[in-house]
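> any chance you could fold what I've pasted below:
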Amino acid sequence: MSVINQQGPSKELLDKISNQYGISSNDLNLLVEADNNFIYEFQQNGKKFILRGGTRHTEELLKAELEWILFLHSTGVKVSIPVLSIRKKYLEKIKNNGIVYNIVVFEKAPGGKVDLKNPEEWNEQFWGTMGRVMGKLHHASVQYNNLKPKFRRPMYYEDEYIDLANQIFSKNDEIIIKKVEQLLQQFEQLPMDPDAFGVIHTDLHTDNFHKNGNEMIIFDWDDSYYFFFMYDLASAFHETVWDNPLDKRQEFADRFIPAFWKGYSTTYPLDRKWLTLLPQFFKWREFIIYTYLVKESAKENLSEQYKSFLLRCITEFRDWLVNDTQIVNIPTDLTKWFPHF
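Numbering: from 1, shown residues only. This next block holds a predicted model:
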């Protein structure tokens with residue numbers, strides 16, 4: 001949902017960045033600039049790469065992200081891996097006009113975005129693949145819990161959207177603040193079981209992975225943090241269901257979620273007690289997206305079409321949050337969505 005700024009950073013900055021990767025700034029193709037970050041694509045020696053830079057994240061958070069991604073790669077999880085600069089660094093710090101920019105480059109994930117309109121690609125079989133991949137991710141996260149990484153990803157209660165919500169809603173929308181506080185209190189009471197809590201992606205939907213044949217390659221880990229595995233599931237469910245027209249969501253959910261769960265269950269044995277908490281984790285997802293939408297709507301120079309889209313989404317997400325309604329009906333008998341295998 002980010003607004004694309006076609007202007008991009010200055011050529012002076014891009015030249016400094018390019019020098020660290022043995023390319024020309026003319027080789028860089030701007031994809032998006034938003035939230036104090038910019039993303040470019042470039043080719044080198046016949047391979048495609050993604051360059052991400054900016055000031056949004058601290059050096060420590062970025063190093064923790066890179067450490068986590070490299071660990072996942074070592075366990076066999078298919079990820080877009082970081083690459084070294086000419087100076088053999090995964091993270092470059094480039095100073096320009098008194099500002100320090102953190103730069104990372106990744107191999108571009110092979111394949112492409114899954115075609116949601118093609119039933120030969122977007123079907124129960126692939127939804128099962130999505131579940132299996134998430135199961136492998138959670139299995140790796142359990143292993144990661146036993147290590148002592150040099151740098152730590154944030155805890156869920158350190159999410160930047162909590163501070164952002166306090167800034168946006170504290171004066172004119174206290175009901176949202178109260179909802180967030182209630183959710184945080186509920187999460188605080190939950191046991192941090194080492195087999196149900198760890199670093200998760202938090203945003204695993206169709207914009208954040210590529211389909212390459214029968215494989216799925218994950219990218220965009222900069223929102224990953226320590227949270228309950230159930231939220232990773234809830235986030236994927238909610239985002240994917242939401243992509244459907246309003247009158248198709250229930251039908252899609254009743255097909256998608258069981259197929260995803262079947263694949264997930266083959267690779268990770270999450271205790272079924274967590275499934276009863278799906279409504280609360282749906283609400284956390286809705287809070288994150290709602291806050292993002294409100295922030296986005298306050299930007300200048302938005303097109304009327306985009307403003308209208310944001311307003312519709314804001315209204316929908318606010319209703320779910322404030323009135324405790326759900327994006328779709330969650331079955332009373334959870335085995336309808338989460339059968340035993």
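
> C-alpha from now on. contacts and neighbour counts both.
Noted.

> now N36: how far from Y161?
15 Å (C-alpha to C-alpha, to the nearest Å).

> what about the most centrally placed residue in the chain, distance to N244?
Note on the chain: the residue nearest the mean C-alpha position is D203, at 2.5 Å, using C-alpha atoms, centre = their mean. With distances taken as C-alpha to C-alpha, D203 is found 17 Å from N244.

> may I see the buried residues of stretch 125-143?
Residues of stretch 125-143 classed as buried under the neighbour-count rule (16 or more other C-alpha atoms under 10 Å) are 126-143.

> now do stretch 169-183
I176, I177, K179, V180.

> among these, which lie within strands?
Counting by DSSP state E, none of the members of the buried residues of stretch 169-183 fall within strands.

> helices - which of the residues you listed land there?
I176, I177, K179, V180 (DSSP state H).

> quick check, the second one in contact with K171.
No: I177 lies out of contact with K171 (C-alpha atoms under 8 Å); the separation is 9.8 Å.

> the domain parsing of the chain - what is it?
11-107, 124-336 (automatic domain parsing).

> out of those domains, the one nearest K117 is which?
domain 124-336 (10.8 Å; C-alpha to C-alpha).

> show the end-to-end separation of the closest one, please.
Length of domain 124-336, first residue to last, C-alpha to C-alpha: 15 Å.

> also stretch 148-164?
Stretch 148-164 stretches 30 Å from its first residue to its last (C-alpha to C-alpha).

> got the buried residues for it?
Buried, per 16+ other C-alpha under 10 Å, within stretch 148-164: F151, R152, R153, P154, Y156, Y161, I162.

> now swap in stretch 328-336 and tell me
V328.

> please apply the same query to stretch 100-113.
Y101, N102, I103, V104, V105, F106, E107, K108, A109, P110.

> can you map out the helices along the stretch 51-200 of the chain?
59-75, 124-145, 160-169, 174-188 (DSSP state H, counting those that start in this stretch).

> got CSV for those, with distance to I81 and mean pLDDT too?
Shown next, in CSV, are those (distance: least, C-alpha to C-alpha, whole Å; pLDDT from 0 to 100):
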stretch, distance to I81, mean pLDDT
helix 59-75, 7, 97
helix 124-145, 15, 98
helix 160-169, 25, 94
helix 174-188, 32, 96
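
> among these, which comes closest to V328?
helix 124-145 (18.4 Å).

> ok now that closest one, how far from the chain's centre?
15 Å (C-alpha atoms, centre = their mean, to the nearest Å).

> how much space between K307 and S297?
Counting by C-alpha to C-alpha, the gap from K307 to S297 is 7 Å.

> let me fix that: K95
31 Å.

> higher neighbour count, the two?
The neighbour count for K95 versus S297, taken as other C-alpha atoms under 10 Å, is higher for S297 (17 against 13).

> low-scoring stretches of this structure, by residue?
1-8 (pLDDT under 70).

> what ranges do the strands span in it?
Under DSSP E, the chain gives strands at 29-34, 37-44, 47-54, 92-96, 99-107, 197-200, 209-212, 215-218, 225-228.

> tell me the strands beside the third one, with direction?
Using DSSP bridges, the strands paired with strand 47-54 in its sheet are strand 37-44 (antiparallel), strand 99-107 (antiparallel).

> buried residues in it?
Applying 16+ other C-alpha under 10 Å to strand 47-54 flags F49, I50, L51, R52, G53, G54 as buried.

> hmm, the fifth one is touching V100, no?
It stands for G53. No: using C-alpha under 8 Å, G53 makes no contact with V100, being 10.1 Å away.

> what sits up against stretch 238-257?
124, 127, 205-206, 237, 282, 285, 327-329, 336-338 (C-alpha atoms under 8 Å, 6 or more residues apart in numbering).

> among those, which one sits closest to L72?
Nearest to L72 among the contacts of stretch 238-257, with distances taken as C-alpha to C-alpha, is H205, at 18.0 Å.

> and the closest one, what does it touch?
Counting by C-alpha under 8 Å, 6+ apart, H205 has contacts A236, E239, T240.

> and what of N208?
I218, F219, D220.

> from S85, how far off is it?
24 Å.

> and for W122?
37 Å.

> of the two, who's got more company?
S85 (19 against 14).

> now the more buried one: phi and psi?
phi -80, psi 180 (degrees, to the nearest 10).

> excluding sequence neighbours, find me the nearest residue to it.
Using C-alpha to C-alpha, 6 or more residues apart in numbering and skipping residues adjacent in sequence, the residue nearest S85 is Y21, 5.2 Å away.

> number of residues surrounding the one you found?
The local packing of Y21 (other C-alpha under 10 Å) involves 18 other residues.
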